[in-house]
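Asker: Here is a sequence together with a model predicted from it:
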Amino acid sequence: MQPIELPKVADAVADHIERLILEGVLRPGEKLASERDLAEKLDVSRPTLRDAISKLAERGLLRTSRAGTFVAPFLTPLIAPLASLMADKARVTDDYFEFRRCLEGEASRLAALRATEIDRDAIRRCVERMKEAHELDDPTEEATADVELHLLVYEASHNVVLLHVMRALAELLRDNVFYNRQQLYVRAGVREKLLKQHLAIAETVLSDDPIAARNAGAEHIRFTFETVSEIRRDKERVEASLQRVNRTDLLARRE
């Protein structure tokens, strides 16, 4: 009979850290605690921790330097080409919102069903920050809280595939790849409607109402898509008007 081989402690530590990355506890770009503090936290020796970190670095999940150990931006090889490929293309914006319509309502529904009290507390805190930011003239902080709230809903859905895909898309969203979020927030009347919709998503998730949460998430994406489309059409009309005004630049001068 073959003896049972117990897993090495370093492998168990590597598996634990990998699970934290998978579940979104440790996020790309974040710096881990110092080797001494992390070894103490995990109750392992520093050589064991180094071995675990080395294994994860070889797999591209962590990266080490003199500055410390960081969660690798493992989605960057996918995000960077996507950003270049998709930027400033109306077709991509339309497809992005179609994709979001498929996922947002379902993510909100799952969050209403699966959110823990810890998830709910994080959503409540985000909503309070959003309300405070809404009182400011500059919408930047509110727009940041907007992205954070959606990510918290994805976390509360407890679907790791959904979470990582939407985190990647959130990076593109922050870089205005799909549309200019600043233009969205400064459009007359839109900021108030967005706040109302975000509060509806949060409230339905917090009240454990999956059907209402699904509807609130889907309605928010529908409204945002329609507003972005209106902004794009307005821009196209202005450009057409300017071309008419400046059309003489394209004509031969009369003698």
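Answerer: Looks like it arrived, so ask away. Numbering: from 1, shown residues only.
Asker: Would you map the helices across the protein?
Answerer: 9-22, 35-42, 46-58, 76-86, 90-114, 117-134, 140-157, 160-174, 181-186, 190-206, 210-245 (DSSP state H).
Asker: Return the most buried member of the ones you listed.
Answerer: When you average the neighbours per residue for each of the helices of the chain (mean count of other Cβ atoms under 10 Å), helix 140-157 leads with a mean of 21. (C-beta placed from N, C-alpha, C; glycine too.)
Asker: Show me the contact partners of that helix.
Answerer: When contacts are defined by Cβ atoms under 8 Å, 6 or more residues apart in numbering, helix 140-157 is touched by residues 24, 104, 107-108, 110-111, 114-116, 119-120, 122-123, 126-127, 129-130, 133-134, 136, 162-163, 166-167, 170, 173-174, 181-182, 185, 191, 194-195, 198, 201-202, 205, 217.
Asker: Just want the angle from it to helix 210-245.
Answerer: If you take axes from the mean of the first three to the mean of the last three Cα atoms, to 10 degrees, helix 140-157 sits at 140 degrees to helix 210-245.
Asker: quick one: average pLDDT of helix 140-157?
Answerer: For helix 140-157, mean pLDDT rounds to 94.
Asker: how close does residue 57 get to residue 198?
Answerer: Between residue 57 and residue 198 the distance is 39 Å, computed by Cβ to Cβ, to the nearest Å.
Asker: make that residue 90, sorry
Answerer: Taking Cβ to Cβ, one finds residue 90 at 26 Å from residue 198.
Asker: Same check on residue 159?
Answerer: 21 Å.
Asker: Likewise for residue 46?
Answerer: Distance from residue 46 to residue 198, by Cβ to Cβ: 45 Å.
Asker: so what's residue 76 up against?
Answerer: By Cβ under 8 Å, 6+ apart, the contact list for residue 76 reads residue 28.
Asker: Need the pLDDT of it.
Answerer: 72.
Asker: go on, residue 93?
Answerer: Listed pLDDT for residue 93 reads 81.
Asker: just for this protein, where's the confidence low?
Answerer: 1-7, 82-84, 86-89, 175-179, 249-251, 254-255 (pLDDT under 70).
Asker: Recalculate using a threshold of 90.
Answerer: 1-10, 22-25, 27-29, 60, 72-102, 164-184, 186, 228-255 (pLDDT under 90).
Asker: how's it carved up into domains?
Answerer: 9-71, 76-233 (automatic domain parsing).
Asker: can I get those in TSV with distance to residue 241?
Answerer: Converted to TSV, those look like this (distance: least, Cβ to Cβ, whole Å):
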stretch	distance to residue 241
domain 9-71	44
domain 76-233	13
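Asker: Could you measure from residue 203 over to residue 157?
Answerer: Separation of residue 203 from residue 157 (Cβ to Cβ) stands at 17 Å.
Asker: correction: residue 16
Answerer: For residue 16, the distance to residue 157 (Cβ to Cβ) stands at 23 Å.
Asker: Residue 134 now?
Answerer: Where residue 157 is concerned, residue 134 sits at a distance of 25 Å (Cβ to Cβ).
Asker: Could you do residue 231 as well?
Answerer: Applying Cβ to Cβ, the value for residue 231 to residue 157 is 29 Å.
Asker: just residue 81 next, same as before
Answerer: Using Cβ to Cβ, we find residue 81 at a distance of 27 Å from residue 157.
Asker: before we move on, what about residue 74?
Answerer: 21 Å.
Asker: How about residue 76?
Answerer: 24 Å.
Asker: quick one: contacts for the nearest residue to residue 218 once chain neighbours are set aside?
Answerer: Closest residue to residue 218 apart from its sequence neighbours, by Cβ to Cβ, 6 or more residues apart in numbering: residue 105 at 3.7 Å. Residue 105 makes contact with 213-215, 217-218, 221 under the criterion Cβ under 8 Å, 6+ apart.
Asker: any chance of those in a markdown table, with distance to residue 141 too?
Answerer: As requested, the contacts of residue 105 are exported to a markdown table (distance: Cβ to Cβ, whole Å):
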| residue | distance to residue 141 |
| --- | --- |
| 213 | 25 |
| 214 | 28 |
| 215 | 28 |
| 217 | 22 |
| 218 | 26 |
| 221 | 22 |
